[in-house]
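> Sequence and predicted structure are below.
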Amino acid sequence: MRDAAPQTIYLKDYTPFGFTVEEVHLTFDLAPSATRVTSRIKFAPNPDATDKTFFLHGEELTLRWAKIDGETVEPTITAEGLTCNVPNIPFVWESEVQIDPAGNTALEGLYRSSGMYCTQCEAEGFRKITYYPDRPDVMSTFTVRINGPEPVLLSNGNPVASGKGWAEWHDPWPKPAYLFALVAGELIAHPGKFTTMNGRKVELNLYVRPGDEHKCAFGMQALKDSMVWDEKVYGREYDLDIFNIVAVDDFNMGAMENKGLNVFNSSAVLASPETSTDQNFERIEAIIAHEYFHNWTGNRITCRDWFQLCLKEGLTVYRDSQFTSDMRSAPVKRISDVIDLRGRQFTEDQGPLAHPVRPESFQEINNFYTATVYEKGAEVIGMLRTLVGADAYSKAVDLYFDRHDGQACTIEDWIQVFEDSTGRDLGQFKRWYSQAGTPHLKVTESYEGDTYTLTFAQHTPPSATTPDPKPQVIPVAMGLLAADGSEAMGTQVLEITKDTQSFSFPGQPARPVPSILRGFSAPVVLDHSADHAFLLAHDTDPFNRWESARALAKGSLMATIRQGKAPDSAYLEGLTKVVADDSLDPAYRALMIGLPAQSELAASLHAEGDVPDPDAIHLAVDAMREAQAEALQDMLHPLYDAHQVTQDYVPDAAQSGKRALGNAMLALITRRDGGAVAQAQYDTATNMTQQLAALGFLIGAEQGDAALGAFEAQWKDDRLVMDKWFGLQVMKAKPDDAADTATALTRHHDFNWKNPNRFRATLGALAMHHAGFHAKDGSGYALLADWLIKLDPVNPQTTARMCSAFQTWRRYDAIRQTLIKAQLERIASTPGLSRDTAEMIGRIRE
Ligand code: 0A1
Ligand code: ZN
């Protein structure tokens, strides 16, 4: 366990390492509790560095011996690493350490999962494998020999040679240590082949545990699609003879882009129609693409230091979202991304965890793999592309690859290629990287003579890291509609750079209706009393049409919560028309029926000066769902029937859209029929999308318990499906029962709390259940805190991430605040608390 003494690291303090690394040779002698790692590393003094201290990171290592140029040395060892006197000329460092993979429950470094060995080195896990300058600006080629009885022995790069009990790998591309990987185990390969645009033949493998072979085909196809797409759209070709993916059951995140050897959480790669939902398939396709795309944006061009994390993550998320838009429906992808952004990133940006896309300080870098770095980081790239145009974007990115291939770079390097290739000054735009907080954009309109004028006023609320925000460059895509719904002016991009700015549109014979922030062209909160009912009926921009439905629904829900008003009939009428419109994509219509998350309503109430009451919010949403069922009642059954897929299951956009609309109808049907149709769907379902949706609707109905029992009996041996079973029961619990339901599940014999997927499925679901987590008696808070305290010494990373459930605590009433505060204090005062969790709780309490 780590020392909790907080040490803050600052971007401004960056200095290069005093040595360059020319070659790394590693030998692993695998044994579950006593693996030996021998390293042979060629160092040379770095002429660009002033600080020549020879410090190698190393944690939880037992050093057996160390040598410099063949002579035994006695380095000075601390809990963080070692220092040693070294010559001022090139030299060879050798060492042997012993590590304990079986005892490694933090899942960082080399660890065991379901009987196999695997590694996770990003961000700072390599230092738990051997002594090394574990920082991304130190890059080297790696040659790795693995000795072990396991039939499959894998590392990065190309295979060199192998025999019984050993294998050797060489990665010719210099890389930082965080991209190192090793996997060993009894694994089955699902093979594939790919020929690159220049004729390089690449062997592909998806390695899984025996029994999972039938869940590989989709992932393999997604990988090939990603490889083709990156060649076609970004001109990026794969650069090794082999590309391996391994599925592991115990993993803190989704997946990891280790060079040539991606390691995936099994939930992020294994899929079959019977066990995975349409949403799972789409997520898997996106994550495979994301990790593959990192080969160029992250691996070939990496980060100088961890403050530059968004350099690889923002760009790679942006690229994977482009991929999904091309593979599926662009409007549906954009709407889903914005729902996610508002749910996670806006919450972060508006609370105590707010930080810039490029943070300027941290205690534990693992705490900065955030929605801000990833998702807002991607939004910033999207804005840049909107501002310079698609062609200029492509040219700038080409220049980035040409200029920086093989380097460890900064956001300055990234912005510079855009400045150099377009001639634009992006100085102000860079504030998107340095300022925290979500800008609010207030819009007012005037119409005089035949000139229509829009005035924008921007304001970013101050936050701990950005106490005095300056105006941002905000690209606002907008259009004007005429009274009959036709376009009076097609989409234009306005560039807002000042606090207040007006734009005039002369030659308007009648007052137009504006459609502002089309495609959600910037991650801002728009404050505009638009004619949402009109836009819902007529907007030509699919995003804004959806946004209008959302705004109407939200306005109506807020009026119910505050004044007990009945659901808004204009919203329900508009919704009815859109849902009935067979010319629209079913997936899009399904999104139209969705309502804002209860936590989003709480955020809006808080932002407008009210204290949110989670129970009142829950009741208002329930009343709205009832009103939807009533408004749509004549079409529920016909649309449900019309969207049953009769062809063989394919997880593509067309079929999954139909199932999404069918299931949206079924949710409302179940409110009326007590579950008869849902039971029928459950009984006949041949795919998980339909089985799980039906099960969810039955929970709470009379048939619920029987269905849950049947589901468990059917799927008890499939971990990924059982995660759904655990999660769904918490999600669907009544607010008063959520904590009890979660408690009961933690006592289930299959509740393996050391497995991050199972822990998240159960306790993460509680944290996401707004009214349940915020139950008045504090039971939700207490239960989560109990489990976080228990998990912290075992897995600090997952514990720390889940602390964010408490980040919104200041929104609530005094009683709830007191209850949460008590839990935060309790966690904070736990002896030996990890640095990860201590930092998170410290920031949340601020
Ligand atoms: N780079 C990965 C994310 C990742 C980060 C840290 C990890 O270790 C716990 C694992 C994965 C990505 O962006 O996919
Ligand atoms: Zn990534």
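Yep, it's here. Ligands and ions are numbered 1, 2, ... in the order given.

> where exactly do the strands run in the stretch 51-200 of the chain?
With DSSP state E, counting those that start in this stretch as the criterion, the stretch 51-200 of the chain has strands at 55-57, 62-68, 71-72, 76-77, 81-83, 91-99, 109-113, 116-120, 140-147, 152-155, 158-163, 166-175, 182-185, 188-195.

> where along the stretch 701-846 of the chain do the strands fall?
Using DSSP E, counting those that start in this stretch, strands in the stretch 701-846 of the chain do not occur.

> and the residue of the stretch 601-750 of the chain found nearest ligand 2, how many neighbours does it have?
Residue nearest to ligand 2 within the stretch 601-750 of the chain: residue 720 (21.6 Å; Cβ to the ion). The way it works is simple: take the backbone N, C-alpha and C, and place the C-beta from them, glycine included. Residue 720 has 22 neighbours, counted by other Cβ atoms under 10 Å.

> how about it, what does it touch?
Residues near residue 720 by Cβ atoms under 8 Å, 6 or more residues apart in numbering: 266, 267, 270, 275, 276, 757.

> most surrounded residue in those?
Busiest of these [other Cβ under 10 Å] is residue 270, holding 27 neighbours.

> Show me the subset of the contacts of residue 720 that also lies near ligand 1.
With Cβ under 6 Å from any ligand atom as the criterion, the contacts of residue 720 include none near ligand 1.

> picking that back up, right, and the strands of the stretch 51-200 of the chain - which one's nearest ligand 2?
Of all these, strand 116-120 comes closest under Cβ to the ion, at 13.3 Å.

> Okay, now the sheet partners of that closest one, with direction.
Counting by DSSP bridges, the strands paired with strand 116-120 are strand 109-113 (antiparallel), strand 182-185 (antiparallel).

> Outside of the first one itself, list whatever touches it.
With Cβ under 8 Å, 6+ apart as the contact definition, strand 109-113 has outside contacts at 32, 35, 60, 99, 101-102, 104-105, 107, 117-121, 125-129, 182, 248-251.

> Can you pull the residues of this protein lying near ligand 1?
120, 122, 252-257, 290-291, 313, 369, 797.

> rerun at 8 Å
107-108, 120-123, 125, 251-257, 287, 290-291, 294, 298, 312-313, 316-317, 366, 369, 374, 797 (Cβ under 8 Å from any ligand atom).

> Helices of the stretch 601-750 of the chain, start to end?
Here the stretch 601-750 of the chain has its helices, by DSSP state H, counting those that start in this stretch, at 614-631, 633-642, 653-673, 676-684, 688-698, 704-715, 719-731, 738-746.

> Could you say which of the ones you listed is packed most deeply?
Greatest average neighbour count among those goes to helix 688-698 (a mean of 24), per mean count of other Cβ atoms under 10 Å.

> Rounded mean pLDDT for that helix, please.
For helix 688-698, mean pLDDT is 99.

> Make 55 the first number, not 1, from now on.
Done: numbering now begins at 55, and the last item shifts to helix 742-752.

> which other helices and strands contact it?
Judged by 3 or more Cβ pairs under 8 Å, 6 or more residues apart in numbering; DSSP states H and E, helix 742-752 is in contact with helix 332-347, helix 707-727, helix 730-738, helix 758-769, helix 773-785.

> which helices and strands does the longest one pack with?
Think helix 707-727. Packed next to helix 707-727, using 3+ Cβ pairs under 8 Å, 6+ apart, are helix 332-347, helix 640-647, helix 668-685, helix 687-696, helix 730-738, helix 742-752.

> And for the third one?
Helices and strands in packing contact with helix 730-738 are listed as helix 707-727, helix 742-752; criterion 3+ Cβ pairs under 8 Å, 6+ apart.

> switch to 10 Å and redo it
For helix 730-738, the packing partners by 3 or more Cβ pairs under 10 Å, 6 or more residues apart in numbering; DSSP states H and E come out as helix 687-696, helix 707-727, helix 742-752, helix 758-769.

> and residue 650, helix, strand or coil?
coil (DSSP: H, G, I helix; E, B strand; the rest coil).

> Residue 381 and ligand 1, how far apart?
19 Å (Cβ to the nearest ligand atom, to the nearest Å).

> No further questions, thank you.
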